[in-house]
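Visitor: Requesting a structural model of the entry that follows:
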Amino acid sequence: MSDLSIIEQLKEIQFEIESLVDEAMNLIPEGQAKERAKSYWMPHIITALKNEHQWLGGSMVTMEDTINELEKGNEND
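Guide: Numbers count the residues shown, from 1 in each chain. A predicted model of the protein is given here:
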């Protein structure tokens, strides 16, 4: 499998995960459960995926960082 194919698949997976998190959040009714989800598991997932988000802090290495690293590797080839 080529690096370009891997990069495209990772980008697709990243988008799918973001979409599923949005879908999950839409299923949770307003109230304490939704507020807790917004405060805990949702930001953990989103900050692990990419650097562009509304929360302070983040992951040391995101999925986006891995994609960028693979893309840079292709530039050096």
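
Visitor: Just want the most central residue of this structure.
Guide: Nearest to the geometric centre of the chain sits residue 49, at 2.2 Å (CA atoms, centre = their mean).

Visitor: Kindly provide the distance from the closest residue to that residue other than its chain neighbours to residue 26.
Guide: Sequence neighbours aside, residue 63 is the residue nearest to residue 49 in space, at 4.9 Å (criterion: CB to CB, 6 or more residues apart in numbering). Placement of C-beta: from N, CA and C, glycine included. To residue 26, residue 63 is 22 Å away according to CB to CB, to the nearest Å.

Visitor: So these two - more neighbours on which side?
Guide: residue 63 (17 against 8; other CB atoms under 10 Å).

Visitor: pretty sure the more buried one contacts residue 51?
Guide: No: in this structure, residue 63 is not within contact of residue 51 by CB atoms under 8 Å, at 10.0 Å.

Visitor: any idea how far residue 12 is from the residue nearest to the centre of the chain?
Guide: Going from residue 49 to residue 12 by CB to CB gives 12 Å.

Visitor: Contacts for whichever helix or strand residue 69 is part of, please.
Guide: Using DSSP states H and E, the element containing residue 69 is helix 63-76. Defining contact as CB atoms under 8 Å, 6 or more residues apart in numbering, one finds that helix 63-76 is touched by 3-4, 6-7, 10-11, 13-14, 48-52.

Visitor: Can you select the buried ones among these for me in PyMOL?
Guide: Only the buried entries of the contacts of helix 63-76 go into this PyMOL selection, using 16 or more other CB atoms under 10 Å:
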select buried, resi 7+10+14+48+49+50
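
Visitor: Could you dump the contacts of helix 63-76 into a markdown table with distance to residue 37, secondary structure and pLDDT added?
Guide: Formatted as a markdown table, the contacts of helix 63-76 follow (distance: CB to CB, whole Å; DSSP: H, G, I helix; E, B strand; the rest coil; pLDDT from 0 to 100):
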| residue | distance to residue 37 | secondary structure | pLDDT |
| --- | --- | --- | --- |
| 3 | 35 | helix | 73 |
| 4 | 35 | helix | 77 |
| 6 | 31 | helix | 94 |
| 7 | 30 | helix | 95 |
| 10 | 25 | helix | 97 |
| 11 | 25 | helix | 96 |
| 13 | 21 | helix | 97 |
| 14 | 20 | helix | 96 |
| 48 | 15 | helix | 90 |
| 49 | 16 | helix | 91 |
| 50 | 19 | coil | 87 |
| 51 | 22 | coil | 78 |
| 52 | 20 | coil | 71 |
